[in-house]
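S.K.: Next come a sequence and a model predicted from it.
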Amino acid sequence: MTQWYFITGTQAADRVGPLDDAAAQAHAQRNPAALCWREGLSGWKPVREMPEFAAAGATGAPPPPPAGYGAGADEIDFRIVGHDMQFVEVELDPGESAVAEAGALMFKDASVQMETVFGDGSRGSGAGGLMDKLLGAGKRLVTGESLFTTVYTHTGSGKAKVAFAAPYPGTVLALKLSEYGGRLICQKDSFLAGARGVALGIAFQRNIMTGLFGGEGFIMQKLEGDGWVFVHAGGTLVQRELAAGERLDVDTGCVVAYTATVDFDVRRVAGLKSMFFGGEGVFLATLTGPGHVWLQSLPFSRLAGRMFAAAPQGGGQSRGEGSVLGGLGRILDGDNNF
């Protein structure tokens, strides 16, 4: 028997399922704008596109697009350069724009004009009222970003390029939002750049335990739209596709992003010895499908903590270098902090 799952809202709590064929047909009739999934599908699909629910697609008007990305994002070409220290190079046609975080620029062609805007820049500097701009800027502030973003627009002819660099060693991940239901939940401060039309919002953790011990806090970034976004994470990235009900236990802090259909929670580590001496803390993050998740191998906080612990100013010791003579030896070999 086929088991169907539906999502009708913006949160994982709005997920419905599993449903059999008859119940799924009835649910599709009541919610023709919902997304659906069953085993065998590569991802979540609109109900109207499924032949099993053709009757549902014949009634009702399409839902309005989410606030912030209007008629759709610009179609941009890009390439990601590098391995451990990556940057993304975006190729723009005349009139196309890319939006990036303040300070992310690496280089740009002369025909690309840059404009700093208040908020996320999803609708340009002249669209929306004062309250819309204040709300957009406030969302960015609480997710760890700057109040301002920079919009890069190609005002010349032919092709033009603009490049954005990652702020620390890691991986730049390119994601097309339309392939993941138009919405992704990301860790704070992970957004690097994207096509104009992508909106940046807030995703609240409703579970108190998840907010306190999940490693991501109560507020995460929500990226909405249908265009390309570029997310940065530390170390190497891995993507996992979870089936319905499949659970993945992850070290807190290693979660980069997940689709809106994934349930993010925490659970306590079993066993007192594992809890106190296992080195992973008391809680692990749990991700339950269906949906896609992206994980990082080296959270920046872990990297920064190791660097600070090894620094002489933090009481660390030099390993693999220096002299057995201690400070005198470092003076002789030139490795000193004078």
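M.R.: Cool, the structure landed.
S.K.: Name the nearest residue to Lys45, ignoring sequence neighbours.
M.R.: Residue nearest to Lys45 in three dimensions, not counting chain neighbours: Cys36, with 6.0 Å by C-beta to C-beta, 6 or more residues apart in numbering. C-beta: built from backbone N, CA, C; applies to glycine.
S.K.: which other helices and strands contact the helix or strand hosting the one you found?
M.R.: Cys36 belongs to strand 35-37 when assigned by DSSP states H and E. On a contact count with 3 or more C-beta pairs under 8 Å, 6 or more residues apart in numbering; DSSP states H and E, strand 35-37 meets strand 4-7, strand 45-46.
S.K.: Let me have the ones you listed in CSV, adding distance to Pro18, mean pLDDT and mean neighbour count as columns.
M.R.: Putting the helices and strands packed on strand 35-37 into CSV (distance: least, C-beta to C-beta, whole Å; pLDDT from 0 to 100; neighbours: other C-beta atoms under 10 Å) gives the following:
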stretch, distance to Pro18, mean pLDDT, mean neighbour count
strand 4-7, 6, 83, 23
strand 45-46, 16, 82, 16
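S.K.: And the helices in this protein?
M.R.: For the chain, the helices defined by DSSP state H cover 21-30, 54-57, 130-142, 208-213, 272-277, 300-310, 327-333.
S.K.: Now do the fourth one, average pLDDT.
M.R.: Spelled out, that is helix 208-213. Here helix 208-213 scores 54 as its mean pLDDT.
S.K.: begin at 15 from here
M.R.: That works, and once the first residue is 15, the last one we named lands at helix 222-227.
S.K.: sorry, back to before: in its sheet, what does the strand holding Cys50 sit against?
M.R.: If you go by DSSP bridges, strand 49-51 pairs up with strand 18-21 (antiparallel), strand 59-60 (antiparallel).
S.K.: pLDDT weak spots in the stretch 215-352 of the chain?
M.R.: Scanning the stretch 215-352 of the chain for pLDDT under 70 picks out 218-232, 283-296, 326-352.
S.K.: Please repeat the previous calculation with a cut-off of 80.
M.R.: By pLDDT under 80, the weakly predicted segments of the stretch 215-352 of the chain are 215-233, 266, 280, 282-297, 314-352.
S.K.: Against Met128, how distant is the closest residue to Leu119 other than its chain neighbours?
M.R.: Spatial nearest neighbour of Leu119, chain neighbours left out: Phe178 (6.3 Å); criterion: C-beta to C-beta, 6+ apart. Remark: distance between Phe178 and Met128 (C-beta to C-beta, to the nearest Å) = 12 Å.
S.K.: Which parts of this protein belong to which domain?
M.R.: As given by automatic domain parsing, the domain ranges for the chain are 18-71, 91-310.
S.K.: Please identify the most buried of those domains.
M.R.: Compared across the domains of the chain, domain 91-310 shows the largest average neighbour count, a mean of 18 (mean count of other C-beta atoms under 10 Å).
S.K.: start to end distance for that one?
M.R.: Counting by C-alpha to C-alpha, to the nearest Å, you get 25 Å between the two ends of domain 91-310.
S.K.: swap in stretch 90-104?
M.R.: 7 Å.
S.K.: Same check on stretch 253-271?
M.R.: Note: stretch 253-271 ends 9 Å apart using C-alpha to C-alpha.
S.K.: what do you get for stretch 110-119?
M.R.: One end of stretch 110-119 sits 17 Å from the other (C-alpha to C-alpha).
S.K.: roughly how far apart are the closest residue to Val280 other than its chain neighbours and Val269?
M.R.: Excluding the flanking residues, the one nearest Val280 by C-beta to C-beta, 6+ apart is Phe297, at 4.6 Å. Phe297 sits 13 Å away from Val269, going by C-beta to C-beta.
S.K.: same check, this time on Arg316
M.R.: Arg316 sits 13 Å away from Val269, going by C-beta to C-beta.
S.K.: coming back round to it: between the strands paired with strand 49-51, which one is nearest to Asp203?
M.R.: Of all the strands paired with strand 49-51, strand 18-21 sits nearest to Asp203, with 26.7 Å by C-beta to C-beta.
S.K.: who's in contact with the residue nearest to Lys59?
M.R.: Shown in contact with Cys50 (C-beta atoms under 8 Å, 6 or more residues apart in numbering): Trp18, Tyr19, Phe20, Ala38, Ala42, Trp58, Lys59, Pro60, Val61, Met64, Phe67.
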